[in-house]
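Visitor: what's the 3D shape of this:
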Amino acid sequence: MSSGSIPDPDRKAVTLTTLAERKALGEPIVMITAYDHPSATVVEEAGVDLVLVGDSAANTVLGYTSTVPVTVDELLMLTRAVRRGLRTPMLIGDLPFGSYEASDEQAIMTAQRFIKEAGCDAVKLEGGGTSVARAQAIVRAGIPVMGHVGLTPQTATSLGGLRAQGRTAARASQVMQDAMDLQAAGCFAVVFEAIPAQVTDLVMEHMEIVVIGIGAGSSTDGQVLVLHDLLAVHHERVAKFVRQFADVRSETLRGVAAYTAAVRSREFPGPEHAYSIPPEELDRLRAHPPRRDAPAYDW
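Guide: Have a look, this model is predicted:
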């Protein structure tokens with residue numbers, strides 16, 4: 001689908017079967033992280049396959065300094081907005097920190113909220129270890145789950161910060177084990193984040209489910225980037241794995257600055273931006289102006 005084209009009315013909704021077929025055929029899968037209705041309509045028209053409403057909304061659009069503070073209710077509100085703008089991509093809701101770790105029951109309850117209240121098709125959670133059991137419980141409750149290994153921002157402090165994972169044999173082995181455990185737990189897909197490409201190549205030999213990469217090399221089944229990163233909405237330092245395909249912030253700043261200048265110079269609004277009243281109605285108004293101490297004029 002070319003840029004600026006209208007949506008393809010014949011394009012079918014992406015399903016778990018669709019993803020499995022594309023993996024089998026070696027067709028790359030496109031995933032984007034987005035957080036609002038206007039963004040959803042854009043990625044819909046662009047033909048994206050998967051849309052994640054990530055907990056990265058915390059620092060990308062809500063102003064938090066990390067993903068940790070964002071709440072389930074905040075993410076549900078954003079996810080509902082995205083849902084209203086999508087027709088064909090699969091919608092995945094990110095379970096935020098503290099909403100699934102305590103027990104299988106808590107994990108299932110949170111996942112159900114994303115399905116029932118926000119219209120998600122699936123949910124995502126981070127990490128291996130106990131997260132594997134939580135993923136399995138959610139899957140058994142009938143909800144598709146996407147896993148996430150490597151750099152897991154919710155627990156970045158325990159990983160030594162926002163840095164690549166799997167750069168030692170021991171750590172790479174753990175990442176590989178986490179991925180295979182999530183696969184065995186019934187996840188339909190898993191995200192590999194900030195993992196050396198060579199490690200990804202090794203893991204892919206064991207992965208029967210869809211693998212989406214972000215800073216994990218090119219051998220994965222698909223790629224994901226945050227919309228705000230790939231469009232340079234923020235002029236801040238971005239991760240090594242980000243490629244910026246447009247510079248939306250610069251163009252937005254140019255437009256807002258031009259508007260500001262036009263208002264201050266009284267160049268905007270012009271006559272073409274104003275509404276009019278018929279001359280005879282204006283004459284009647286002038287003949288009978290409103291008065292505070294009198295009832296309204298009976299026209």
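
Visitor: which strand or helix spans the spatially closest residue to residue 130 that is not a sequence neighbour?
Guide: Closest residue in space to residue 130, ignoring its immediate chain neighbours: residue 101 at 6.7 Å, by C-beta to C-beta, 6 or more residues apart in numbering. (C-beta placed from N, C-alpha, C; glycine too.) Assigned by DSSP states H and E, residue 101 belongs to no helix or strand.

Visitor: residue 101 reaches residue 132, doesn't it?
Guide: No. The pair residue 101 / residue 132 is not scored as a contact, 12.0 Å apart, by C-beta atoms under 8 Å.

Visitor: I'd like to know how many residues surround the nearest residue to residue 15 once chain neighbours are set aside.
Guide: Leaving aside its chain neighbours, residue 15 sits nearest to residue 90 (7.1 Å; criterion: C-beta to C-beta, 6+ apart). Neighbour count for residue 90, taken as other C-beta atoms under 10 Å: 25.

Visitor: number of nearby residues for residue 108?
Guide: Other residues close to residue 108 by other C-beta under 10 Å number 19.

Visitor: which residue is the nearest non-sequential neighbour of it?
Guide: Nearest one to residue 108, counting by C-beta to C-beta, 6+ apart, is residue 141 at 4.7 Å.

Visitor: wait, the one you found sits on residue 112?
Guide: Yes. Residue 141 is in contact with residue 112 according to C-beta under 8 Å; the separation is 7.3 Å.

Visitor: tell me where the model's unsure across this protein.
Guide: Residue ranges of the chain with pLDDT under 70: 1-9, 153, 155-163, 294-299.

Visitor: ranges for the strands of it?
Guide: Taking DSSP state E, the strands of the chain run over residues 29-33, 50-53, 90-94, 122-124, 145-150, 189-193, 210-214, 222-226.

Visitor: dump those into JSON lines; add distance to residue 180 as well.
Guide: Formatted as JSON lines, the strands of the chain follow (distance: least, C-beta to C-beta, whole Å):
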{"stretch": "strand 29-33", "distance to residue 180": "20"}
{"stretch": "strand 50-53", "distance to residue 180": "22"}
{"stretch": "strand 90-94", "distance to residue 180": "21"}
{"stretch": "strand 122-124", "distance to residue 180": "18"}
{"stretch": "strand 145-150", "distance to residue 180": "10"}
{"stretch": "strand 189-193", "distance to residue 180": "9"}
{"stretch": "strand 210-214", "distance to residue 180": "11"}
{"stretch": "strand 222-226", "distance to residue 180": "19"}
